[in-house]
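A.B. asks: no sequence on hand, only this structure:
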């Protein structure tokens, strides 16, 4: 079974909530669901839509051919009706017009129930689920998880009205255990909770803002702190102050926000004060396309901050990976005393994915702070692996961190010998970091075949869902961009016949990094750079052509 | 209080006197059992005065130009038990990092920000800063600065700072006293210290002639009076004006740390019992 449903309307019509609800219901019945959100940068009006793909098999992407469209306004029909499948139809209120439109007299029902206009969505939901033959009590139970009292009563009545209007066409029953339904931003947030975050500091910026909201709502129950200071530079410097005191600290932003933090992110390198930075890419350059997607900041993330220092850049490909990779980002930043960047984009961050389980990482949550306090403490003690034992202010000894090149005590120096020693110390950490990352599945290979598709981050979904329609292809997902798993990538490339790079940017940035790291130049590229994510047919059509 | 690092300020630099005042103020507060040495954490950035970081033997973080204030703020967010002091110059604080000053006056987290105001970028060889007087000539402003200088005290008062003071680098006794009050003050304490640069902007004679101490008949809780006091001197070094020094304003207000029920102790001491299954329950 596979269904693709589009829900569209103006901002404020509740398209996202309605679509998410349909997804939740199908997940509770054991189906797999992928939900894509598409919305412009405005508060009221415009055209928002969500595409839900529902399947009895695991699914990680959406599609642009619809089984039906729930239209909350005329624009939805005008823009999308050409993409209806031959047997598809449109559902909307009386007055909306187009081909294959089934009109429902919403106004009369609202009048009868004395209900506000927003209840339209629930009437339509009732109609839709009657069509599928889903017991209305399943809907009531799901609604009761979010709403209470009079609101819940009115929702139930509205659903019932829609239910009465339609005839059952299918009989969707539970087909297995319920699925988790979670977005990439929620995954990053859960990963931070699993890692034992102490402070999350951020300035609002789409598409990273949902993490700020989610964590802010959790801060009391989970006993940590969420702050929104004056600007991104204030954010990241406050974060460094917080991290210096031994708090597990994360900042979050989108592309331009990370650019503003650049100088301070360089300070993580030399001060060896650990920081986790969450980057959710939007379409650039500059303000770009704020609520749409791109993978165009890969080189910024890998190179951000002046000077040379080892850092972690990890790019989860879905919400489940976001949980695990965020935990790893904390662990590695704290252990190796440097910067971890977790990279998503709007597509991973704001799409909802479904999973059988959401097991997190089993890495331990220690703080890597010593409890044995000796008086001859040196904050930057030179050790075999480059990692100095960590104390924090308040424990007793003098603890120093510095943005300047420094001696082992953390005081400023300019002599050639110490400068070289400190560079060697930091680079030694980088070598050990690479060894550890190599054990954390820095790449994944899916499918079998002598030809190879290479991608990273959000393209994972569309590529995975393309594989069954491609002959003799396997997929190499590169998750750690820094330190780069060059040996494995080189080996995979060298044992493949045809190699195709798939990226959501205009030039193939990962291709450049692969060339730099392995010496292999990938000529075949499938690139999409219209601020929209790939759907499987984009990849299948290009490769089969 | 002293490190073994070699001092690299110019011979006779007025920063030496500032360093002594800070070391003495902190030592006295420790001896009076008002603060603990192990809990002191300082921040500084880059500039002549910021070199003070290397000469005071306490914990701290030497950060980036203009970012001392958010670094201090973050330390309080990470560990509310620390006694935090920030040290930076006028260029960093009033130019590069001005937004942080304004907002931290509002936030009122419990730390002290000490600005050495020599009205010039000394370490980069004498360019104009926001507090350089009109007509100031430096290598980057050969025609002279065209604007009137910024008034940091009036700005801090209008931005909601709960402790505002002006120090005089030539008056170490008064300065030590202001520093002690600032550290003891619960909330954001802001001190602008007029500090002549002997090499690039030596206004020592002007300061000697025109500075005076605010007297005992002054009510430090009166914001209107403090504002008037802050406007008494327009920052010019050529017009003959009186420069009030001392504590302009001091009033207890709720501090930032108290807004947060969960900010009770240093985070590094918090032990967590993390239940990964529970964290994802709501998504099922």
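C.D. replies: Here it is on my side, so go on. Since this is a predicted model, take the numbers as computed values, not measurements.
A.B. asks: indicate the residue of chain A located nearest to chain B.
C.D. replies: residue A:241 (2.3 Å; Cβ to the nearest Cβ). In short, each C-beta sits where N, CA and C put it, glycine included.
A.B. asks: let me know the average pLDDT across the one helix or strand that residue maps to.
C.D. replies: Using DSSP states H and E, residue A:241 falls within helix A:232-244. Helix A:232-244 carries an average pLDDT of 98.
A.B. asks: same check on stretch A:507-527?
C.D. replies: 98.
A.B. asks: count of residues packed around residue 93?
C.D. replies: Since no chain was named, I'll use chain A. 20 (other Cβ atoms under 10 Å in any protein chain shown).
A.B. asks: that's the other chain; I wanted chain B
C.D. replies: 33.
A.B. asks: dump the residue contacts of it.
C.D. replies: Neighbouring residues of residue B:93 by Cβ atoms under 8 Å, 6 or more residues apart in numbering or on different chains: B:66, B:68, B:69, B:101, B:113, B:115, B:152.
A.B. asks: quick one: stretch A:302-314 near chain B?
C.D. replies: No - judged by Cβ under 8 Å from any Cβ of the partner chain, stretch A:302-314 makes no contact with chain B; its nearest approach is 11.2 Å.
A.B. asks: so which elements touch whatever helix or strand residue A:25 lives in?
C.D. replies: Using DSSP H and E, the element containing residue A:25 is helix A:15-28. In terms of contacts (3 or more Cβ pairs under 8 Å, 6 or more residues apart in numbering or on different chains; DSSP states H and E), helix A:15-28 is packed against strand A:2-11, strand A:32-38, strand A:45-55, helix A:120-132, helix A:136-144, strand A:180-183, strand A:352-355.
A.B. asks: pretty sure residue A:16 contacts residue A:39?
C.D. replies: Yes - between residue A:16 and residue A:39 there is a contact under Cβ atoms under 8 Å: 7.5 Å.
A.B. asks: ranges for the helices of the stretch 151-300 of chain A?
C.D. replies: Using DSSP state H, counting those that start in this stretch, the helices of the stretch 151-300 of chain A run over A:184-195, A:209-218, A:232-244, A:255-260, A:262-271, A:298-303.
A.B. asks: for the residue of chain A closest to chain B, give me its contacts.
C.D. replies: B:43, B:61, B:70, B:71, B:72, B:73, B:74, B:75, B:76, B:77, B:78.
A.B. asks: let me know the secondary structure of the second one.
C.D. replies: Spelled out, it's residue B:61. strand (DSSP: H, G, I helix; E, B strand; the rest coil).
A.B. asks: ok, it to residue A:539 distance?
C.D. replies: Going from residue B:61 to residue A:539 by Cβ to Cβ, to the nearest Å gives 48 Å.
A.B. asks: more neighbours, those two?
C.D. replies: Of the pair residue B:61 and residue A:539, residue B:61 is the one with more neighbours under other Cβ under 10 Å, namely 33 against 26.
A.B. asks: out of everything not next to it in sequence, what's closest to that one?
C.D. replies: In this structure, residue B:61 finds its nearest non-sequential neighbour in residue A:401, 4.4 Å apart by Cβ to Cβ, 6 or more residues apart in numbering or on different chains.
A.B. asks: circling back to that earlier point, and the contacts of residue B:93, which of them are buried?
C.D. replies: In these, burial by neighbour count holds for B:66, B:68, B:69, B:101, B:113, B:115, B:152, counting by 16 or more other Cβ atoms under 10 Å in any protein chain shown.
A.B. asks: just checking, the fourth one touches residue B:156?
C.D. replies: To tie it back to what came earlier, the one meant is residue B:101. Yes - using Cβ under 8 Å, residue B:101 is in contact with residue B:156, at 7.1 Å.
A.B. asks: who are the contact partners of residue A:85?
C.D. replies: Contacts for residue A:85 (Cβ under 8 Å, 6+ apart) come out as A:4, A:65, A:66, A:67.
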